[in-house]
Every structure is written in structure tokens, then in C-alpha cells.
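# Need the 3D shape of this:
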Amino acid sequence: MSRNGFAALGAVASACGLAVVAGGAVGAVPALAAAARSTVRAARMAAPPNPQPETPANATPTNSNCQNTTQAPGMGANVVTLTSTPWAQTALNFESVWNQLGDEGQGVTVAVIDSGVDYNAQLAGRVKAIDLTTTGIQDCVLHGTAVAGIIAASNEEAAGSAFNPFTGVAPKADILSVKVSDSDTTSTQDPQLTGDSTTLSDGIVDAVNLGASVLSISIVTSNSSQLEDAVQYAEEHNVVVVAASGNDSPGGAKGPFYPASYPGVLSVGAVASDGSLADFTDPNTQESVTAPGVNVTSIQPGGFSDQISGTSFATPFVSGVAALVRSYYPHMSAAEVVARIEATADGPIAPITGNGMVNPLQAVQAVLPSSTNPNASSGPGTVRPVSVSRPAPPDQSMINTAMGTTAGAVAAVAIVAIGAVSISQRRRRRRGQATPPPDTKVPADVELADSPLWE
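Here you go, the predicted structure:
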């Protein structure tokens, strides 16, 4: 038996002893199974070396693997120059978090588990990449690049560059690009990027082991035990999982979609500039919150695309908010971050929209009960309740008033907190008696690309 094998057996034995002492004979068997499961995971998922920053490039190199790849709808073909602030930025007003609190997501790594991330000046110096597709790290379909831009594109206008009003929600966050897809499977019948659940599972595990504290997943797939295990692995390692709720259309795949449908995941739906729920909303996938996802703007090679739609592009707005919360409350648990984002949203507009539109400033600054926010004192400043009025989008008023610290908010938070604990306990009980998961690709098998794109 290898040294790792003996170490694993030793850890199981130790855990068993603690379980028997703490829980008695009745609790020993489930605790033993849970300890064995955790040890097997630890042995299989040893953290790999961190990806290295890659050599700068002025433009994205040609990748022969992309020559026959069709880009996602709305990408690449309609590159534009921006002349005004995109409506999503106006509606969410996330700049208020930077201006009032000095919080721009610094110190947080968000994993974009997607189709890769191409070079862009507004992300330069803050992106590292791995590839699980064996096709190189370039984004052939320009999907992951747009997602990363919404999360973390730097504030170029404030930096004194030529007029550029576009910026990401958390412009000082770092991006870990985990490429799990190299082909565009979107179409008019199925307008979303879908992926293989096994590769997506590997990508989630790799992202956790490489230090990401927020996972942004804009790829949907089917349910599988391996994917569920990977999501639980992330949650057990204090990582916030944000996922697209999926798009529904005639002739396309129908929900419920995963990983958005797993407990503990922040499932994101899309709304239009008038505040209405997107017409492609899948009725079978419950949403935690919503965000702009119709005709939104993000970076593309050579400019911007301003007509991209889907829950894929609503998701990174929420991932960016999660990065802001994690930056401001560095000791807050992932479950508490999720509960805070849900509790401070603006309220549902339809039965499946959960808590409604995400509210960046309230998510960071609102005062919540200590039971759901025990680490508020660890933030850089005094947390005070605020009232936020959001600027109206170009056509209609999207947001009337922001949620304050009312009795209703307190009740909502209590329900979320109790529900999260209950779900966690049920899952642990159920999983504690399960057999260990099948082998997952060990992150050490992942190799960095030989042709660097990033600085």
C-alpha cells in the first residue's frame, strides 16, 4: 500500500474514533461513511500547482482549433463601439459599492468555468487559465470571454483611457479560466451553451483546488451523481457556486437544468431592461435571484457586443456581486454569502424568480440578523443600513426602491438560513451512507497551454 493509502486509512480511523465518542454507537456508522468519503476525496483531489500567469499578447493568436467553430449567437459578428453606459450597469448601479465602500472585489478569485477567456486589455494581468478540452485555452465561441468581462472588466474610463463606459461588477477581482467546452452547441432551437457533465465536474473540482472562492457556471447540463458530488465538494470547501438557470425554447432542451437545480447553488434567471422576465425563462428550474440578461453588453476581441442574451450572461452579474461580498466580508462562509445575496434582492416578479433582482449595494452593506451574518465585524468598515434608489434604464423604470432592513427582510433571511441548514443536514445524512464517488480527474493531470495568451 502506498504512503497515501496508509495516510488515508489513518485519517479514517481517527475520524471514526471521534465519531463514536461524540455520537455514540447510533451515530457511528453514518459518521464513519462520511469520514471515509471525505478522506477518499482528499486523497484523490490533492491540489495541483497553481497555474502560472501567461505571457502578454496584444491580440489573440490564431488557433487552428477554432477555424471551423461557429461563435455563439450575438458574439463576434456585431462588434460595436460604445457611446453610452450599458443599461445593465445603470440598473444595478454596482459602482455605488466601489464609491461608498471602496470594495471592487480585490483579493477574490472567480472561476469562469466555460469556453475559455480570450485576451482583453480590461482583464490583462488578472487572468490565469487551464484547459480540460485538450484544444488550448483560447475561447473559440467567445462565450466565456463575455462572461469574464461582465464579472471583472476593469474600469477603463476611471483610469483615464479613451471613452469606454463598460466595466465589470468587480473590476479588481482575479479570473481563473477553466475551459470545459470548445464547441458552440447553441442554436435558435437551443440558445445556450451546454456541456458534458463529466468535464464540467472535473472543472468544478479543479477550480476549487486552484483557490477560486466563487464559481461562475454559465453552462447547463444534465443531472449526474458526479456533477452533484463536484458541487457538494465546492460547497464543503467554502466556495460560492453561481449557475445559469438555463434557457427554454421550442425544440430545445427542457429543464430542470444543472448544476443550477442543486441545493445551495445560486441559480440565476434573466430579465430585460423593463424589468420583465426574459421570454426564454425555463419554467422547470427554480431561480434564486435574477439579473440583466437580455441585450446586455460585454467585451469581445476588437470591441464590444451589446446584443447578447441568455441566463448565461445574467449569471456573471451575480458572480460579480458574490465577489464583492466575499471581498468585503473575507471571513463570511459561502452559505452566508448565498443567504445574504438572496435576502437583499429586490423581490420576486414571478413564481419561479426566487428573491428577484440582485441588489449589489444592499448585498454588501445591508444589516442582517447576526445569525446569518456573524462575520460582519470582519469587514473593513462599519456596516449601516442604507436605502438605494436605482437609476432608471433607458426605456422604463426597472427598479422602484431597494430592500431596507424591514421585518419582512429579517423573516426572509431567517427562512433562508433555516432552510440552508436543514438542506445541508439532510444532504449530509443522505450522503453519509453513500458509497464513495467514482474517480474524478485529478487536477494534477491538467496541463497549462503551451501557447500563452495572458499576462
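# shaky segments in this protein?
For the chain, the stretches flagged by pLDDT under 70 are 1-65, 67-78, 157-162, 183-194, 250-252, 370-455.
# The stretch 151-300 of the chain: strands as residue ranges?
Listed in chain order, the strands of the stretch 151-300 of the chain (DSSP state E, counting those that start in this stretch) span 174-179, 214-217, 240-244, 266-271, 289-292, 296-300.
# Of those strands, flag the one that's most buried.
Highest mean neighbour count among these (mean count of other CB atoms under 10 Å): strand 214-217, with a mean of 32. Just so you know, the C-beta spots here come from the backbone N, C-alpha and C atoms, and that holds for glycine as well.
# Pull up the pairing partners for that strand, direction included.
Using DSSP bridges, strand 214-217 pairs in its sheet with strand 109-114 (parallel), strand 240-244 (parallel).
# Mind putting those into JSON lines with distance to Gln307?
Below are these laid out as JSON lines (distance: least, CB to CB, whole Å):
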{"stretch": "strand 109-114", "distance to Gln307": "19"}
{"stretch": "strand 240-244", "distance to Gln307": "18"}
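# out of the ones you listed, nearest to Val265?
Evaluated over the strands paired with strand 214-217, closeness to Val265 peaks at strand 240-244, with 4.7 Å, by CB to CB.
# Next, the angle from that closest one to strand 266-271.
Relative orientation of strand 240-244 and strand 266-271, computed by axes from the mean of the first three to the mean of the last three CA atoms, to 10 degrees: 40 degrees.
# which residues are contacting strand 240-244?
Counting by CB atoms under 8 Å, 6 or more residues apart in numbering, the neighbours of strand 240-244 from elsewhere in the structure are 192, 204, 213-220, 231, 234-235, 257-260, 262, 264-268, 310-312, 314-315, 318-319, 322, 326, 334, 337-338.
# shouldn't Ile352 be in contact with Glu287?
Yes: counting by CB atoms under 8 Å, Glu287 is a contact partner of Ile352 at 5.7 Å.
# Could you check which of those two has the larger neighbour count?
Applying other CB atoms under 10 Å to Ile352 and Glu287 shows that Glu287 carries more neighbours, namely 28 against 18.
# Quickly list what the nearest residue to the more buried one once chain neighbours are set aside is bridged to.
Using CB to CB, 6 or more residues apart in numbering and skipping the chain neighbours, the partner closest in space to Glu287 is Gly269 (3.7 Å). Beta-bridge pairing for Gly269 (DSSP bridges): Thr290.
# what's near enough to touch Gly269?
Per CB under 8 Å, 6+ apart, neighbours of Gly269: 245, 277-278, 281, 287, 289-291, 293, 311, 314, 352-354.
# wait, which of these is closest to Gln362?
Using CB to CB, Val289 comes nearest to Gln362 of those, at 11.8 Å.
# Can you name the residues that contact that closest one?
Taking CB under 8 Å, 6+ apart, we find Val289 in contact with 266-269, 318, 341-342, 345, 353-358.
# could you redo the last one with a cut-off of 10 Å?
Shown in contact with Val289 (CB atoms under 10 Å, 6 or more residues apart in numbering): 242, 245, 266-269, 314, 317-318, 321, 338, 341-342, 344-346, 348, 353-359, 363.
# do you know how far it is from Val321?
Val289 is 9 Å from Val321, where distance means CB to CB, to the nearest Å.
# Equivalent analysis for Leu277, please.
From Leu277 over to Val321 the distance is 19 Å, taken as CB to CB.
# Give me the more crowded residue out of these two.
Val321 (34 against 19).
# the helices in this structure, which residues?
3-44, 87-92, 95-101, 143-152, 197-209, 225-236, 311-328, 334-343, 360-365, 407-432 (DSSP state H).
# on that earlier part again, what's the overlap in contacts for Val289 and Val321?
With CB under 10 Å, 6+ apart, Val289 and Val321 have common neighbours 242, 266, 341, 344-345, 358-359, 363.
# so can I have a markdown table of the residues you listed showing distance to Val169?
Below are those laid out as a markdown table (distance: CB to CB, whole Å):
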| residue | distance to Val169 |
| --- | --- |
| Val242 | 12 |
| Leu266 | 14 |
| Ile341 | 12 |
| Thr344 | 15 |
| Ala345 | 15 |
| Val358 | 10 |
| Asn359 | 12 |
| Ala363 | 11 |
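# quick one: which of these is most hemmed in?
Comparing the shared contacts of Val289 and Val321 on neighbour count, Val242 comes out first with 31 neighbours (neighbours: other CB under 10 Å).
# Report the beta-bridge partner residues of that residue.
Per DSSP bridges, the residues bridged to Val242 are Ser216, Leu266.
# thinking Ala343 is in contact with Pro369, fair?
Yes: Ala343 lies in contact with Pro369 (CB atoms under 10 Å); the separation is 9.3 Å.
# Looking at these two, which is more packed in?
More neighbours surround Ala343 than the other of Ala343 and Pro369, with 27 against 15 (other CB under 10 Å).
# mind checking how far that one is from Val127?
Remark: distance between Ala343 and Val127 (CB to CB) = 32 Å.
# Please name the nearest non-neighbouring residue to Asn295.
Gln307 (5.3 Å).
# Could you pull up the residues touching the residue nearest to Asp306 when sequence neighbours are not counted?
Here the nearest residue to Asp306 in space, its sequence neighbours aside, is Thr297; by CB to CB, 6+ apart that works out to 4.3 Å. Residues in contact with Thr297 (CB under 10 Å, 6+ apart) are 80, 82, 84-89, 146, 149-150, 165-166, 304-308, 313.
# can you check Val178 too?
51, 111-114, 116-117, 128-132, 137, 144, 199-200, 202-207, 210, 212, 215-217, 446.
# about what we covered before: could you report the distance from the residue nearest to Asp306 to Gln307?
In terms of CB to CB, Thr297 sits 8 Å off from Gln307.
# One more: Ser216?
Plainly put, Ser216 is 21 Å away from Gln307 if you go by CB to CB.
# same question, Lys128
30 Å.
# Who has more neighbours out of these two?
Neighbours per residue (other CB under 10 Å) separate Lys128 from Gln307, with Lys128 holding more: 22 against 14.
# wait, that one sits on Lys179?
No: Lys128 sits out of contact with Lys179 when judged by CB under 10 Å, with a separation of 11.8 Å.
# who touches both of these two?
Contact criterion CB under 10 Å, 6+ apart; residues shared by Lys128 and Lys179: 117, 137.
# Could you report the neighbour count for Asn99?
11.
# for Ser225, that is, sorry about that
Around Ser225 there are 12 other residues, counting by other CB under 10 Å.
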